[in-house]
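Visitor: need coordinates for the following:
(chains A and B)
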There are 2 protein chains.
Amino acid sequence: MTAHTQEIVKYDKLQDFCIRVFEKLGITHDDSLIIAENLVMADLRGVHSHGVARLKRYVDGIRDGMMNPKPNEKIIRETPTTAVIDADSGMGQPVSKRAMELAIKKAGELGMATVVVKNSNHYGIAGYYAMMALDYNMIGSSMTNTDVLVVPTFGRDAIIGTNPIAVAIPSGNEKPFVLDMATSVVPRGKVEVYDRCDKPMPPGWATDEEGVTTDDASRVLENFKQRAGGGLLPLGGEGEELSGHKGYGMALLVEILTGVLSGSAYLDLVYPKNKDGKVLPANLGHYFSAMRVDAFRDIAEFKADMDDLIRKLKTSSKSKGSHRIYIHGEKEFEKSAEYKKIGIPLMTQVTSNLRGIAQDLGIEYMS
Amino acid sequence: MTAHTQEIVKYDKLQDFCIRVFEKLGITHDDSLIIAENLVMADLRGVHSHGVARLKRYVDGIRDGMMNPKPNEKIIRETPTTAVIDADSGMGQPVSKRAMELAIKKAGELGMATVVVKNSNHYGIAGYYAMMALDYNMIGSSMTNTDVLVVPTFGRDAIIGTNPIAVAIPSGNEKPFVLDMATSVVPRGKVEVYDRCDKPMPPGWATDEEGVTTDDASRVLENFKQRAGGGLLPLGGEGEELSGHKGYGMALLVEILTGVLSGSAYLDLVYPKNKDGKVLPANLGHYFSAMRVDAFRDIAEFKADMDDLIRKLKTSSKSKGSHRIYIHGEKEFEKSAEYKKIGIPLMTQVTSNLRGIAQDLGIEYMS
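Guide: Okay, the predicted model is just below:
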C-alpha cells in the first residue's frame, strides 16, 4: 500500500456534498442534512464502514426505488410514554432522528419514553441517536436490526443481524459514556480488511460453511455471497466455552425490541425478496429510548459520581504491556476532534466513488 | 467423585426450610417467602451458585448486623414513571420484588416505568424479577452491581462486578425469552470448579496478578483472596481482539444504571470497609424496568411473531457436531420442570451446611 491510497477531506465540505447529493435525489433539505450529518459523524468517529463509503448504496437504493425519498411517515400507535412510527420505506436517518426527538420530548414530560420505527432502512450509526439525549441530561439508547450476517450459537447459517446497541450517558467534566457496539465479535468490515491483506483471521471471529471457526476471510465472504452457510460469530465466539450464547442472546434481544416489538420484519425477512428472487424494499425496525436522569437523582450529584467512576477506572492499574484504560466513546471523541482539525482520511477508492456519484448526478464535487 | 457427593431434596420442602430460617432470624413471613422463592428458583434452574449454597452467607450477614432483618424501606424520589427506593440495608430480594411490582404497576398506567434501589444487599438471581413482568404481558428487565471480580479491558485489577442483566419477553405457545447473564465471560463459580478438578482453564476466562490470561484456576482464586490483581475477564475476553471491550462496556453500563443512577455505591465501594479494615454493610444498587407490549402492538400479534421467530431459530441448520439451537431460558425451564418432579440434586457439602444452620438456629431440618 502506498500513501496514495488515502485522500484527506474537510468534514464540512464532505457534509455539504452529501446534502447536495440527497437533495438532488428528491429528499428535502432538512432530511438531507440529517443523513449527511450521520454519515460524516461516522467518518469523524473513525467508523468508516458507516461513513460516506456507504453513500453509493444509498444513492442506488433511492434510484432503484428501494428507498422512498418522499415518505409519508405516520405515528400508528401512541401512549404518553411510547409511540410506533411507520417510516414508509424512507431513509432510516431522518425518521430515526424524529423518533428520538419524540422519545426525548415524552421523557421530558413523564420521565422516560420509548419510540420504535417500522418499515425503515439502514439508519447509519446507532450512537448518533443515543447521543442526542446528552444535551437534555437524559440517558439515550438506540438499537436496530440489520442484514443477517451472524450465526446463532450451535447454528450453521447466518440468520441474525449484527444488531447494534448504543447507550449514551451524561457526565460532568469527563467525556460522556457512549457505548456503540455491534453484538457480533467483529463487523463484516474487519473480515474484509483481513481478506484484502490476505491475513489469517484470529479464531473466534467467523465460521465456514459447516459452521466451524475458520481463519479464512475470503472463504467467509464468498460464503456470504453464495448464502452457503457460516457467518460472523456473536460476541463471546463459538459455542458456549467463552459464552458465545450471551452475545447471541444480546443479538436476539435487539432483534425482538426492534423487529418484533415494532411490527417490522425480523431475521432474514428484513431484506425481503419476492418469489422470483427480485429484491423488495427493506423492512428494518429501530428502537429509541430516553430517560431523565433527574427523575432519579439531582443531575449535579449524578454527574459528579460519573466523573468519579470514570477517573477511578482510568487511573486503575494497567495489565502488563498496557498503558491506558479507556471509557466507551473516548477514542471516538478524540478521533473526531483530530479529524475536525486535520480533515478526514478517506480511501481513494471511496473518494473516487464520490466523484463518480457527483458526475452521475450532474452536481459539483467538493471544491 | 462418588454418588454420595449429591443428595436429592424436594423443592417445596427446601423452600419451606428457607422460610423458617429467615423467620427465625426476625424477617417477616412474607419477606422470608420472597427470599426463599428466589433461592430455590436458582437451584431449580440449575444456577446453584445463587441457590441455597448461599444460605449460610445470608444467615451470617443477618447475624453479624450487616443485613437488616427489619429495614425501613422508603421511596425517596418518585415520578409517574420512576422511583428510587432506599432499602435501608435490608435483604436484597424483598425490596427488589416490591421495586419490580412498583415498576409493573406504573407501567400498567403509563406504558413503561423504571424503579431503582439503593443501600441494598445481594438480590439473588436477576431473572426472578424480570420474569415477574411476563404475567402482565410486559417486557421486564433487572440488573444489579455486585462484588468486584472483573478487570476492565487493559486493566490489571478487578474493579467491576460480574454485573448481570436479565430481560424477560413474553411469547405465545413457545417458552418466553429469558436472558439472564453475567457480563463476565464466566462466573467465579466456574473457576472454582476447575480448581477443584485441578484442570487448566480455557484461555480467555481470567487473568493472573499481572493482568495476563492464565489457565491456572487456583492462582486466580488465591489472587482474589489476597487482592493481588487479576480477575475474571469481561465477555469477549482479553484486550480488544475478540472485543472484550464490549463486555467491559456492558458491565460498565450496568454499574452506572444500578450504582450511579440510584445514588448507591459503585465499583469497589459496594462492599465497603472502614479505615481499620472492618467490614461495613453493603451498598448495592439495582435497576428494574417494565414495559407494556400492547403500548406498541396487539399482544396476540406480538406473541405470534415471537413464536415464529423462536421456531425459525430453532429449526435453522445446525453447525457441524451440533444438534440443537437454544433460545435463552429454554434450558432452565426444562431443568426446572425436571427438578420439580424428581427433586433438586444438592452437593452434600451444601446439605450438611443446611443441617448445620438448622442446628445452630434450633429449628427443624427438612423432614
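Visitor: pretty sure A:K13 contacts A:S367?
Guide: Yes: if you go by Cβ atoms under 8 Å, A:K13 and A:S367 touch, sitting 7.2 Å apart. To be clear about C-beta, it is placed using only N, CA and C from the backbone, and glycine gets the same treatment.
Visitor: okay, these two: which has more neighbours?
Guide: A:K13 (15 against 6; other Cβ atoms under 10 Å in any protein chain shown).
Visitor: in contact with the more buried one, which residues?
Guide: Shown in contact with A:K13 (Cβ atoms under 8 Å, 6 or more residues apart in numbering or on different chains): A:366-367.
Visitor: and it, how far from chain B?
Guide: Per Cβ to the nearest Cβ, to the nearest Å, A:K13 is found 32 Å from chain B.
Visitor: how about the helix or strand hosting that residue: buried residues?
Guide: Assigned by DSSP states H and E, A:K13 belongs to helix A:11-24. Residues of helix A:11-24 classed as buried by neighbour count (16 or more other Cβ atoms under 10 Å in any protein chain shown): A:11, A:14-24.
Visitor: CA atoms only: put the helix or strand following it into CSV for me.
Guide: The helix or strand immediately downstream of helix A:11-24 is helix A:29-44, counting by DSSP H and E. The C-alpha trace of helix A:29-44 is given here as CSV (Å, rounded to 0.1, in the frame of the first residue of the first chain):
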residue,chain,number,x,y,z
HIS,A,29,-33.0,19.9,2.7
ASP,A,30,-33.7,19.1,6.3
ASP,A,31,-33.8,15.4,5.8
SER,A,32,-30.7,15.5,3.6
LEU,A,33,-28.9,17.4,6.4
ILE,A,34,-29.7,14.6,8.9
ILE,A,35,-28.5,11.8,6.6
ALA,A,36,-25.3,13.8,5.8
GLU,A,37,-24.6,14.5,9.5
ASN,A,38,-25.0,10.9,10.4
LEU,A,39,-22.7,9.7,7.6
VAL,A,40,-20.0,12.3,8.3
MET,A,41,-20.2,11.7,12.1
ALA,A,42,-19.4,8.0,11.4
ASP,A,43,-16.2,9.0,9.4
LEU,A,44,-15.3,11.6,12.1
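Visitor: which other residues reach helix A:29-44?
Guide: So helix A:29-44 is contacted by A:11, A:14-16, A:18-23, A:27, A:48-52, A:54-55, A:58, A:91, A:93-94, A:97, A:123-125, A:128, A:335-336, A:339-340, A:344, A:346 (Cβ under 8 Å, 6+ apart).
Visitor: spatially central, which residue of chain A would that be?
Guide: A:I125 (3.1 Å; Cα atoms, centre = their mean).
Visitor: please name the residues that touch that residue.
Guide: With Cβ under 8 Å, 6+ apart, A:I125 has these contacts: A:38, A:41-42, A:45, A:47, A:50, A:166, A:180.
Visitor: neighbour count and pLDDT added to the residues you listed, as a markdown table?
Guide: Shown next, in a markdown table, are the contacts of A:I125 (neighbours: other Cβ atoms under 10 Å in any protein chain shown; pLDDT from 0 to 100):
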| residue | neighbour count | pLDDT |
| --- | --- | --- |
| A:N38 | 24 | 98 |
| A:M41 | 21 | 97 |
| A:A42 | 22 | 96 |
| A:R45 | 23 | 96 |
| A:V47 | 19 | 92 |
| A:H50 | 24 | 92 |
| A:A166 | 23 | 98 |
| A:D180 | 23 | 98 |
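Visitor: tell me the one among those residues nearest to A:K106.
Guide: Within the contacts of A:I125, distances to A:K106 taken as Cβ to Cβ reach their minimum at A:A166, with 19.1 Å.
Visitor: tell me what the closest one is bridged to.
Guide: Note on A:A166: beta-bridge partners A:S142, A:D180, judged by DSSP bridges.
Visitor: how near is it to A:R227?
Guide: Separation of A:A166 from A:R227 (Cβ to Cβ, to the nearest Å): 29 Å.
Visitor: for A:R20, same thing?
Guide: Distance, A:R20 to A:R227, using Cβ to Cβ: 37 Å.
Visitor: repeat for A:R292
Guide: Using Cβ to Cβ, A:R292 is found at 45 Å from A:R227.
Visitor: of those two, which one has the most company?
Guide: The residue with more neighbours, out of A:R292 and A:R227, is A:R292; 23 against 12, by other Cβ under 10 Å.
Visitor: isn't the more buried one up against A:A133?
Guide: No: the criterion here is Cβ under 8 Å, and A:R292 misses it with A:A133 at 9.3 Å.
Visitor: could you look up the SS state of A:A337?
Guide: Secondary structure, DSSP: H, G, I helix; E, B strand; the rest coil: A:A337 is helix.
Visitor: sorry, slip of the keys, the one I care about is A:A304.
Guide: Relying on three-state DSSP, one would call A:A304 helix.
Visitor: now do the contacts for the closest residue to it other than its chain neighbours.
Guide: Spatially, and ignoring its direct neighbours in sequence, A:A304 is nearest to A:G172 (5.9 Å; Cβ to Cβ, 6 or more residues apart in numbering or on different chains). Going by Cβ under 8 Å, 6+ apart, A:G172 touches A:300, A:303-304, A:306-307.
Visitor: most neighbours among those residues, which one is it?
Guide: Highest neighbour count within those: A:M306, with 24 neighbours (other Cβ under 10 Å).
Visitor: contacting residues for A:A130?
Guide: Here A:A130 is in contact with A:140-142, A:166-168, A:178, A:180 (criterion: Cβ under 8 Å, 6+ apart).
Visitor: just the closest of those residues to B:L354, please.
Guide: A:V167 (41.4 Å).
Visitor: count of neighbours near that closest one?
Guide: 28.
Visitor: again, but for A:A337
Guide: When neighbours are defined as other Cβ under 10 Å, A:A337 has 11 of them.
Visitor: doesn't A:V116 fall inside a helix?
Guide: No: assessed by three-state DSSP, A:V116 does not belong to a helix; its assignment is strand.
Visitor: any idea what it is bridged to?
Guide: For A:V116, the beta-bridge partners are A:V84, A:Y287 (DSSP bridges).
Visitor: looks like it contacts A:S262 (just checking).
Guide: Yes: at 3.8 Å, A:V116 and A:S262 qualify as touching, with contact defined as Cβ under 8 Å.
Visitor: any common contacting residues for those two?
Guide: Residues touching both A:V116 and A:S262 (Cβ under 8 Å, 6+ apart): A:84, A:285-287, B:296.
Visitor: in a strand, A:I125, correct?
Guide: No: counting by three-state DSSP, A:I125 is not part of a strand but coil.
Visitor: could you pull out the buried residues of stretch A:68-87?
Guide: Residues A:68-69, A:71, A:73, A:77-87 are the ones in stretch A:68-87 that count as buried (16+ other Cβ under 10 Å).
Visitor: now, among these, which is nearest to A:T162?
Guide: Relative to A:T162, the closest of the buried residues of stretch A:68-87 is A:A87; by Cβ to Cβ it sits at 20.3 Å.
Visitor: quick one, what contacts the closest one?
Guide: Counting by Cβ under 8 Å, 6+ apart, A:A87 makes contact with A:71, A:73, A:95, A:117-121.
Visitor: in strands, which of those residues fall?
Guide: Within the contacts of A:A87, residues falling in strands by DSSP state E are A:117-120.
Visitor: can you map out the strands along the stretch 151-300 of chain A?
Guide: Counting by DSSP state E, counting those that start in this stretch, one finds strands in the stretch 151-300 of chain A at the ranges A:160-161, A:165-169, A:177-181, A:206-207, A:213-214, A:284-292.
Visitor: A:H328 and B:Y128: what is the separation?
Guide: For A:H328, the distance to B:Y128 (Cβ to Cβ) stands at 29 Å.
Visitor: can I see the domain layout of chain A?
Guide: A:3-187+A:232-295+A:343-361, A:188-231 (automatic domain parsing).
Visitor: okay, now the unreliable bits of chain A?
Guide: A:1-4 (pLDDT under 70).
Visitor: which residues of it fall in helices?
Guide: Per DSSP state H, chain A carries helices over the ranges A:11-24, A:29-44, A:55-63, A:92-110, A:127-131, A:188-197, A:217-226, A:244-255, A:261-262, A:299-314, A:330-342, A:348-361.
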